[in-house]
Every structure is written in C-alpha cells, then in structure tokens.
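In: take this sequence and fold it.
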Amino acid sequence: MNVRTIQARLKKYFTHSRYPVAFAYLFGSRARGQALPYSDIDVGVYLDEPNEGTRFDMELSLMGELEHTLHTDNVDVVVLNQAPPRLAYSIIKYKPLYSRDERARARIEMGILSRYFDERPADLEYYRFLHRQIRARKMTERTPEMIDVELVSERLAHIREMLNRLKRFRDLVQEQFIADEDAKDLSAYWLQHCIEAMADISNHLVAAMGLEKPAERREAPIVLSKHGILPKPLAEHLAEAVSMRNWIVHGYINLDPGKLYKATHDDLIHLEEFSNLISVFMEKQEKKPRAKPKKGAKK
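Out: Predicted coordinates:
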C-alpha cells in the first residue's frame, strides 16, 4: 500500500472516529517512503482524555480499528499525551493528517517543543562525528560511532521508569492480580511500552552498526547476540517478549490474565538485564577512541 492510500484512509477514519482524537500524524518509515517489508505503519495521536488508563484502552481499540481500516496487522499507535519528548518531537515534525482544533494543536506542539529542547542532553560529539564523516566522504559507512546516544539513553530511561512502575504489582499473588482491573490494564500498558523501547534500541543498534538486517522486528536482539552484545539465552527471551508485545496489542480483547501475570514477573528480569547490558555496552563505546578522517581529507 503506497503512502497516499494510507494517508487517505487515515484521514477518512479520523474524520469520523468515535474517539476523542484531537489531531493525528503518519510518521516513520512509511511516511518517508522508506519502509521495509515488516515495517509498521506508525500513527501518532493526541487524545482529549485525561485518564491514563482510559487512554490505554483507547490506544488498543484505535490500533485494532486502524488495522481493519488499513487491512494490515502492522499498525503501531503512539499516544502523544505520554510519549517521551524526543519521540513526540520526531512525530510532530511530520505534517498532521487530521486536526480537529488548530489552536489546540499549536499549543500542544509548542509544549512538546519546549520539553524537547529543555530535556535534550548537551552531547554534541555525535554531531561533530557526522560532520567528520561527511568531510571524509564516509557517510555510507556504519560504525559504532553512528549510534545515537541520545536515542538509546532516552529509551533506557523509559525502560527503567516502566520497570519501576511494574514492580508495584510484583507483591500481588496471582488471584489478587487477576481480580484487580487497574493492575491488569496498567501492567499491560507499561509492559507493552517497555518492550517497545527495548525493540527500538535493538533495531537502532543493528542499523547504526551496519549489522545484518533482521527479517522480523523480534529478531533484532538475536542479531545483537551474534555480535557479542547480548548473551544468546537473553536474546531469545527478548525475542519472545516482542511476541508478547504483539499479543498484548493485537489480542487484548482475549487477554489471558494468567499469562500477563507471568509476563510481569518473568519478562521484567530479562528487560532489566537488557537495560544493564546495553548501559555497559554504551559506556564501552564512549571510552573507545573516536575515528579520525583519513589523511588528506578536507577539514
């Protein structure tokens, strides 16, 4: 499906949507016309709904309806209300597909921009390296120095925040967990976003380091294990966690609370180990000497 068809169907859907969508964007590889066969159709929305739990229910329902509208299972919805500043900023750089209130959109986008520029780390070495790569005519080469430190750091922080939230339910026995609707809804929501941040980091490292492309999203941790970045057993658990994320997103109506309870205990250990190992990996990369342009390259 080409981008114009996707945009037309999304515009029509949001114009008549039963959800309080204030404005929406198509973003990412589909919007840029650079999608791979397994790439998601990424849609960002801002919801006029103050309750986080209600937004979570709406997000899952929206995803299901958009998959039906676009005739695909590969739709990912990001709710701008709670998106990390860098992700929100990357979404609003695209032209909105739909806007119910332009004044409100301008105000909310201004807030996103403000948070993004206030919280952006002052790490300019990455950009200096890009300039060196351009001057040395090496932009097509992939090296560990192409890793976006800001992107990885932000998603690691997001994983840790989600893990801390999830731990509040770890003392519940299974019967208590199953009987608590808020525990189930929030656990599913936080676990989904935690796994997505892990997958984002894995896919970014694969791309930045020029490693072999995974055939599916879930295979990125496996690729990292082949290059010694993650241990193989952990990578296999993380691949299963991505499948778990898909189950939460696409099968929420028939969500098995026992399976969710098990995931909130077992998967947290693996995600925490992933976070620690990637932190160590990033520290090692920062200590390595930076590549220098070849002798004779223009400065």
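In: could you use CA atoms for every contact and neighbour count after this?
Out: Will do.
In: all helices for the stretch 51-200 of the chain, in order.
Out: 52-70, 85-92, 102-119, 125-135, 149-166, 174-179, 181-208 (DSSP state H, counting those that start in this stretch).
In: pull out the buried residues from the fifth one.
Out: It stands for helix 149-166. Judged by neighbour count (16 or more other C-alpha atoms under 10 Å), helix 149-166 contains these buried residues: 149, 152, 153, 154, 155, 156, 158, 159, 160, 162, 163, 166.
In: report the mean per-residue pLDDT for it.
Out: Per-residue pLDDT values across helix 149-166 average out to 86.
In: where in the stretch 1-150 of the chain is pLDDT low?
Out: For the stretch 1-150 of the chain, applying pLDDT under 70 flags the ranges 35-38, 117-145.
In: re earlier: for residue 39, find the nearest of the helices of the stretch 51-200 of the chain.
Out: For residue 39, the closest of those is helix 181-208, at 11.4 Å, according to C-alpha to C-alpha.
In: what's the angle from that closest one to helix 149-166?
Out: Helix 181-208 and helix 149-166 are oriented at 160 degrees to each other (axes from the mean of the first three to the mean of the last three C-alpha atoms, to 10 degrees).
In: just checking, what packs against helix 181-208?
Out: When contacts are defined as 3 or more C-alpha pairs under 8 Å, 6 or more residues apart in numbering; DSSP states H and E, helix 181-208 sits against helix 52-70, helix 149-166, helix 174-179, helix 220-226, helix 232-250, helix 257-287.
In: what mean pLDDT would you report for that helix?
Out: 85.
In: quick check: buried residues in it?
Out: Buried-residue list, helix 181-208, by 16+ other C-alpha under 10 Å: 183-208.
In: residue 180 - how many residues pack around it?
Out: Per other C-alpha atoms under 10 Å, the neighbour tally for residue 180 reads 12.
In: what does residue 5 give?
Out: 11.
In: next one: phi and psi at it?
Out: Residue 5 adopts backbone torsions of phi -70, psi -40, taken as degrees, to the nearest 10.
In: so who does the residue lying closest to residue 6 once chain neighbours are set aside touch?
Out: Taking C-alpha to C-alpha, 6 or more residues apart in numbering, and ignoring the residues beside it in sequence, residue 6 has residue 70 as its nearest neighbour in space, at 6.9 Å. When contacts are counted by C-alpha atoms under 8 Å, 6 or more residues apart in numbering, residue 70 touches 6, 9, 10.
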